[in-house]
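A.B. asks: coordinates only, no sequence provided:
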């Protein structure tokens, strides 16, 4: 397993001296390392859910998170100067961008991976149970495998942005404010997009 927290060797008197390339000090980097360790389990779980099974052998969530840390170091000073994004939402977006870049290197050129994020197959049944309230138990309505296949088919029928916002809300457990900051939209727009996506899912499910 790769170590995410950096090893910092420095004279304590220079902790607050800014790095000329990033504008951040060693104390800043130590704080960033602490934030990444705090949110590391959720970030790794997000990356594992989103890695296409066909690329799982070539894409390591730990390596992607290490790349995210390197990128976060370069962007840390800019993040400190803003107030909209929470630390987790900021790290989430960076990790997601690193995953998209890793996908781009492993797939055919020109594919828009921001609009083709694979739906996590291993959680499709959970999505169905979380969004569909039929009043009957899953075993009474459909066999486990049949329910999973049906949810998968319904999700595949949705447009990628609808799939994405459902995953962000239900599996990545992001608030509307965090989703809005990550997607660079207003909070009420994020709410509207989510409810429209949920409505489309429900229409397809019951249609």
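C.D. replies: Done, it's in. It should be emphasised that the depicted structure is a prediction, and the values quoted were computed from it without experimental measurement. Numbering: from 1, shown residues only.
A.B. asks: so where's this protein uncertain?
C.D. replies: Low-confidence segments of the chain (pLDDT under 70): 1-26, 53-57, 107-145, 148.
A.B. asks: name the helices or strands packed onto the longest helix along it?
C.D. replies: Secondary structure assigned by DSSP state H gives helix 26-50 as the longest helix of the chain. Counting contacts by 3 or more CB pairs under 8 Å, 6 or more residues apart in numbering; DSSP states H and E, helix 26-50 is packed against helix 61-80, helix 87-106. The C-beta positions use only the backbone N, C-alpha and C, and glycine is treated the same way.
A.B. asks: nearest to residue 186, out of these?
C.D. replies: When the helices and strands packed on helix 26-50 are compared by CB to CB, helix 87-106 sits nearest residue 186, at 14.7 Å.
A.B. asks: what are the buried residues along the closest one?
C.D. replies: For helix 87-106, burial by neighbour count (16 or more other CB atoms under 10 Å) applies to 87-96, 98-100, 102-103.
A.B. asks: distance check, residue 172 against residue 32.
C.D. replies: Remark: distance between residue 172 and residue 32 (CB to CB, to the nearest Å) = 21 Å.
A.B. asks: and residue 82, by the same measure?
C.D. replies: Applying CB to CB, the value for residue 82 to residue 32 is 15 Å.
A.B. asks: the more surrounded of those two?
C.D. replies: residue 32 (22 against 9; other CB atoms under 10 Å).
A.B. asks: quick check: that one touching residue 76?
C.D. replies: Yes: applying CB atoms under 8 Å, one finds residue 32 in contact with residue 76, separated by 5.4 Å.
A.B. asks: break the chain into its domains for me.
C.D. replies: The chain breaks down into these domains under automatic domain parsing: 20-116, 119-207.
A.B. asks: about what we covered before: what's the closest of the helices and strands packed on helix 26-50 to residue 159?
C.D. replies: Closest approach to residue 159 among the helices and strands packed on helix 26-50 is made by helix 87-106 (17.5 Å; CB to CB).
A.B. asks: what's the span of stretch 75-92 from first residue to last?
C.D. replies: Stretch 75-92 has an end-to-end distance of 13 Å (CA to CA, to the nearest Å).
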